[in-house]
Structures are given as C-alpha cells and as structure tokens.
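In: curious how this folds, go ahead:
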Amino acid sequence: MRLLNKVLNDNQNNSLSFVSYITAGDPDISTSLKIMEKLVENGVGIIELGIPFSDPISDGPTIQKASERALKNKITIDDVLKLIKKFREKYQTPIILFGYYNPFLKYGLDKLMKKIKDAGADGILVVDLPPEESEIIQKSVDRVNLELIYLLAPTSTKYRIETISKLSNSFIYLVSVTGVTGARKELDKNLYPFIEKIRKSTNKPICVGFGISKPDHVKKLKNKANGIVIGSAFIKIIEENLHNKKDILNKISKFTKKIYKSTKI
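Out: Below is the predicted model of the structure:
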C-alpha cells in the first residue's frame, strides 16, 4: 500500500515524510493542479487533497475560507476526481482524498471508492468518521485496496487508541492539539508524551498535523514522529495572493522547499 510504504520508507531513510494539504478548487481548479505540481517538485511526498464542504467541524478559519472559495467555483467530488486524473498524467505521488462523511454517503460509498481508486488516489481521510461507525466504509475501501486514515487527538482514550490501531490499514494521523486546524507559534508541550503513549499501542507510522507551520516545528518532531502534515500554512499563502497566481506558485514553491529541507535528518 503506497501511503503506508511511503511513510515507512522515508522514516527508514532518516527523514520525516512530508504531507501537504490543499483544498481542491482554491483559488480555482487549474491553479490547484499547478500547486500540486509545485508541491511535488519541491519535496512533498504525499498530497492530501480536500473536497470543499459547507459545514466543516475540524477546519479552522483559514481552511474554511478555502472551502468557501472552492464552493463558489462550484467544485464537486467529480471535479476533484478529474483533477486527480489530470495530475496522474505526469506524477505518481500518493494522494489522500480528504472529506466529510455525509457527501461520501450521499454519493454512494462503494461507487465513490471505486471512482476514487480509478482516478488514481491512494487513500481517504473522513474527518468526522469515528472508528466505532467505520465498518461500512472500511469494507468499501478494502474492496478496492484504498487506505483509510484515522485521526487520533490528545483527548483520545486508551480504548480509542487501541481501536484505531487495530482498524488502521495505513499510517495514523495524530492531531497535535485539541481544537481546529491552523498555524500556531509553538507545538503543544503535551504532544511528545502523547506520541509515546500511542507508540505503546501500535507500531503503525504516526504523522503529526494541525498547527505545524515552520521548520522549527518539523525539527522538533524528528526521531519522534514518522511524518508531518502541513495545510493551513499553504492555504494562507493562497489567501494572501489571490490576485496574483504567479506569486501563489512561487511562494508555495519556496515555502515547500524550506520545509522539505527541515524534514531531512
């Protein structure tokens, strides 16, 4: 399985796997493709591609605005799948499709998982799906050999940690803080003991996200996590340069290169 292998291989090479998030269709679908290309060309190992949604529960203001911009462009699930297919014409970088359960359910789980696989994605992350209710979608992804990424948060109980450790067929996405997405000045001091707590329950790779926005954050996670996820910092660059798409691409390239360098040990 490509996502799991990518994270493990990077870790064996003494590097943190670099996972980036962007919202498909922000600022527009053609620029999203160009952004994906720049991410890969400058060091990103896995792309997390968000399906815009009107009622997010874990996304902070920055990513909420990205979804609003994409929805104004009338971006649908099918548009996102077409974007993945277009990207696959040149690049084989693993892709995680990030979304919420209700649109997936409305589309039809088996139908959608097959389409996701056919488009060239490697896994999905359903933000509002608790593991206790994941049996149906787990069967759907297993049928087409997709990976299903689960989230763990600092508030997760020992039972929840053990449940996800058993269910997961991919890496585990560790939310670094209690709260929503968004760049933060410092990493939570309780993050490191929480990583150790999870290590005691599973040997699955751990990627840390929410709040990571600068090389110093990345360096502090070396030898602790297997990978890092950055989203809001990329979206902020888009938001601040909406009237100059060339600047979006240049600044994302520069930022990506800087973070990638910090993932190397």
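In: list the buried residues for stretch 258-265?
Out: For stretch 258-265, the buried set under the neighbour-count rule, 16 or more other CB atoms under 10 Å, comprises I259, Y260, S262, T263. Using the backbone N, CA and C atoms, a C-beta is placed for each residue, glycine as well.
In: and the second one, that's in a strand?
Out: No. The assignment for Y260, made by DSSP: H, G, I helix; E, B strand; the rest coil, is helix rather than a strand.
In: quick one: it and L221, what's the gap?
Out: 14 Å (CB to CB, to the nearest Å).
In: over to T23?
Out: As for T23, its distance to L221 is 24 Å (criterion: CB to CB).
In: just want to know which of these two has more residues nearby.
Out: More neighbours surround T23 than the other of T23 and L221, with 31 against 23 (other CB atoms under 10 Å).
In: surely the more buried one and P52 touch.
Out: Yes. If you go by CB atoms under 8 Å, T23 and P52 touch, sitting 5.8 Å apart.
In: any shared contact partners between those two?
Out: Overlap of the contact sets of T23 and P52 (by CB atoms under 8 Å, 6 or more residues apart in numbering) consists of A66, S67, A70.
In: which residues sit in contact with the last one?
Out: Read it as A70. By CB under 8 Å, 6+ apart, A70 lies in contact with T23, A24, G25, D26, P52.
In: centroid residue for the chain?
Out: Ranked by distance to the mean C-alpha position of the chain (CA atoms, centre = their mean), the top residue is E48 at 3.6 Å.
In: just the residues contacting stretch 157-172, thanks.
Out: With CB under 8 Å, 6+ apart as the test, stretch 157-172 has contacts from 1, 3-4, 7, 123, 131-132, 134, 138, 141-142, 147-150, 152, 156, 197-198, 201-202, 204-207, 226-227.
In: with just CA atoms, put that stretch into CSV.
Out: Presented in CSV, the C-alpha positions along stretch 157-172 are these (Å, rounded to 0.1, in the frame of the first residue of the first chain):
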residue,chain,number,x,y,z
THR,A,157,-8.9,7.5,25.3
LYS,A,158,-6.8,4.3,25.6
TYR,A,159,-9.7,2.4,24.2
ARG,A,160,-9.9,4.7,21.1
ILE,A,161,-6.2,4.5,20.6
GLU,A,162,-6.3,0.7,20.7
THR,A,163,-9.4,0.5,18.4
ILE,A,164,-7.8,2.7,15.7
SER,A,165,-4.5,0.8,16.0
LYS,A,166,-6.3,-2.4,15.1
LEU,A,167,-8.5,-1.0,12.4
SER,A,168,-6.0,1.1,10.6
ASN,A,169,-4.5,-0.1,7.3
SER,A,170,-2.4,3.0,6.9
PHE,A,171,-0.5,5.5,9.0
ILE,A,172,-2.2,7.2,11.9
